[in-house]
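*Asks:* here are the coordinates; sequence isn't available:
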């Protein structure tokens, strides 16, 4: 390569890189909150909800514009901008693995005869921010019972939809698609663990994981898998996506724990969205009374 | 291009443009045009703009060499100081939003203990977390460069020593990219892009000095105090 060629190549690369830098990072756009959806009928209050007089719920706008949903892009406002392309209807959930009722369920059939409840939960992201979210859902246990898992079923594995046409973020190999999460059977059967279909009494918006997502309030947000298309009962502990991505930083259990820091930041405090001063993070996100017994005798520092 | 155009038109223009990002950020924060987590946006955006100004500053010498447009070098101090400006904003945002906001206030907020606890909290964090260590180092490398950015400092140090000192900006670029890289959760495409830009700009210098090692560097006409210090 002579000097002229080198300079031309260098200039070309520089121009491409500069375009990449600018193009990849458009200035922050104020993301539009999700349009309000259909009102859900017959939603019952639940004693498992937080007292919103003591802890105010975050707004519809906050909950629907600030999301980690990498299938639509890695920026917090990307899901609000791009999740429109997701088609939550019709929706099928495939049940497979160690159970008697292997089937492809239509969402309507899953919901048939199912009482929906308001569940106002704390939501703690592994990135040390948190919200209070008024979900609408029903116990995952109700659905699991219908599937009749066998004695071999020790874990439940969930899979998110993987469709590059509907999910522009999955066109890049940012994570190993499809997104996979899992729970131990007793965690899955716990009354706090719910399948979510709504938010603020309305059908859950696409950016929040429509039409069916998980909420496990004592665990970090990444366990709350969104837009579930597959439920599999398995004997061995599933490999969840973030653990696969960086096993030293994200584990299988991912219980909220102020005593065990993320290698790169503290988990002792968190920023509640809308507040300036950071809150002290609570053990099991404040659900210790209900869930601590699930982990008695376990080293939570090792099983992070 | 005349000296007057550079001094009275272009320089003020670049100066005002460089204040654009911070003006926009303050406006967006005050009018609720940031995300639901504006404090995190302020931290991220000031950081990104620091890195951008470091890249711009590092690009000026190669640009001059490639185009022969010597006037660009007269903007190097300004863009470098803006990198320091945004870097300082970034550091202060982190201190306030990340550290101060997470303190306990046993004696109330306005108390000597607050200051002491804040200093301890910042120092501990810098010591404990590699990506913070590297981020702080990035900022530190810019301090002597900003302090010696005056004509008087160049005279005092002498061109040769000043030049050698200001090669520290290469470390600024590398450390800045590393800091960004370690912060990202999964998608390294953006840090990678900045890394490529910095690598290219540094590689150009290596290439140039190798090619021109045997020959004397081309003489550049510039006012004495702004002699062509190689960055």
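*Replies:* On my side now, so go ahead. The structure presented is a predicted model; accordingly, all values stated were derived computationally and were not measured. Numbers count the residues shown, from 1 in each chain, chains lettered A, B, ... in the order given.

*Asks:* Against chain A, how distant is residue B:173?
*Replies:* Separation of residue B:173 from chain A (C-beta to the nearest C-beta, to the nearest Å): 13 Å. In this view, the C-beta of every residue, glycine as well, is placed from N, C-alpha and C.

*Asks:* What separation do you get for the spatially most central residue of chain A and residue A:160?
*Replies:* By C-alpha atoms, centre = their mean, chain A has its centre lying nearest to residue A:224, at 3.2 Å. Counting by C-beta to C-beta, to the nearest Å, the separation of residue A:224 from residue A:160 is 11 Å.

*Asks:* so what's in contact with the two at the same time?
*Replies:* Common neighbours of residue A:224 and residue A:160, using C-beta atoms under 8 Å, 6 or more residues apart in numbering or on different chains, do not exist here.

*Asks:* Can you name the helix or strand that residue 186 falls in?
*Replies:* Since no chain was named, I'll use chain A. Using DSSP states H and E, the element containing residue A:186 is helix A:185-188.

*Asks:* you looked at the wrong chain, it should be chain B
*Replies:* Counting by DSSP H and E, residue B:186 is found in no helix or strand.

*Asks:* and it, what is it in contact with?
*Replies:* Counting by C-beta under 8 Å, 6+ apart, residue B:186 has contacts A:70, A:74, A:174, A:175, A:245, A:246.

*Asks:* Filter these down to the ones in helices?
*Replies:* Among the contacts of residue B:186, the ones falling in helices (DSSP state H) are residue A:245.

*Asks:* Pull out the buried members of the contacts of residue B:186.
*Replies:* The neighbour-count criterion (16 or more other C-beta atoms under 10 Å in any protein chain shown) marks A:70, A:74, A:174, A:175 among the contacts of residue B:186 as buried.

*Asks:* and chain B, which of those residues reach it?
*Replies:* Counting by C-beta under 8 Å from any C-beta of the partner chain, A:70, A:74, A:174, A:175 from the buried ones among the contacts of residue B:186 sit close to chain B.

*Asks:* Tell me who's in contact with the second one.
*Replies:* With contact taken as C-beta under 8 Å, 6+ apart, residue A:74 is in contact with A:169, A:174, B:185, B:186, B:187.

*Asks:* And the residues you listed, which is closest to residue A:199?
*Replies:* Nearest to residue A:199 among these is residue A:169, at 21.1 Å by C-beta to C-beta.

*Asks:* tell me which element the nearest residue to residue B:133 once chain neighbours are set aside is part of?
*Replies:* Counting by C-beta to C-beta, 6 or more residues apart in numbering or on different chains, residue B:133 lies nearest to residue B:126, which is 5.7 Å off, once chain neighbours are set aside. Assessed by DSSP H and E, residue B:126 sits inside helix B:112-128.

*Asks:* Past that helix, which element shows up next along the chain?
*Replies:* Assigned by DSSP H and E, the successor of helix B:112-128 is helix B:130-147.

*Asks:* Heading C-terminal from that following helix, find the next helix or strand.
*Replies:* In N-to-C order, the element after helix B:130-147 by DSSP H and E is helix B:151-157.

*Asks:* Spell out which residues belonging to chain B are near chain A, please.
*Replies:* Going by C-beta under 8 Å from any C-beta, the residues of chain B near chain A are B:24, B:28, B:32-37, B:39-41, B:45, B:48, B:52, B:55, B:59, B:62, B:66, B:101-102, B:129-131, B:182-183, B:185-187, B:189-190, B:193-194, B:196-197, B:200-201, B:204, B:207, B:211.

*Asks:* now the residues you listed: which count as buried?
*Replies:* Buried among the residues of chain B next to chain A (16+ other C-beta under 10 Å): B:28, B:34-37, B:39-41, B:45, B:48, B:52, B:55, B:59, B:62, B:101-102, B:129, B:131, B:182-183, B:185, B:187, B:190, B:193-194, B:196-197, B:200-201, B:204, B:207.

*Asks:* now, which of the residues you listed lie within helices?
*Replies:* B:28, B:39-41, B:45, B:48, B:52, B:55, B:59, B:62, B:131, B:182-183, B:190, B:193-194, B:196-197, B:200-201, B:204, B:207.

*Asks:* Only the buried residues of the strand or helix carrying residue A:146, if you could.
*Replies:* In this structure, residue A:146 sits in helix A:140-147 according to DSSP H and E. Across helix A:140-147, burial judged by 16+ other C-beta under 10 Å covers A:140, A:143, A:144, A:147.

*Asks:* list the contacts for the last one?
*Replies:* For residue A:147, the residues meeting the contact criterion (C-beta under 8 Å, 6+ apart) are A:95, A:99, A:100, A:101, A:231, A:233.
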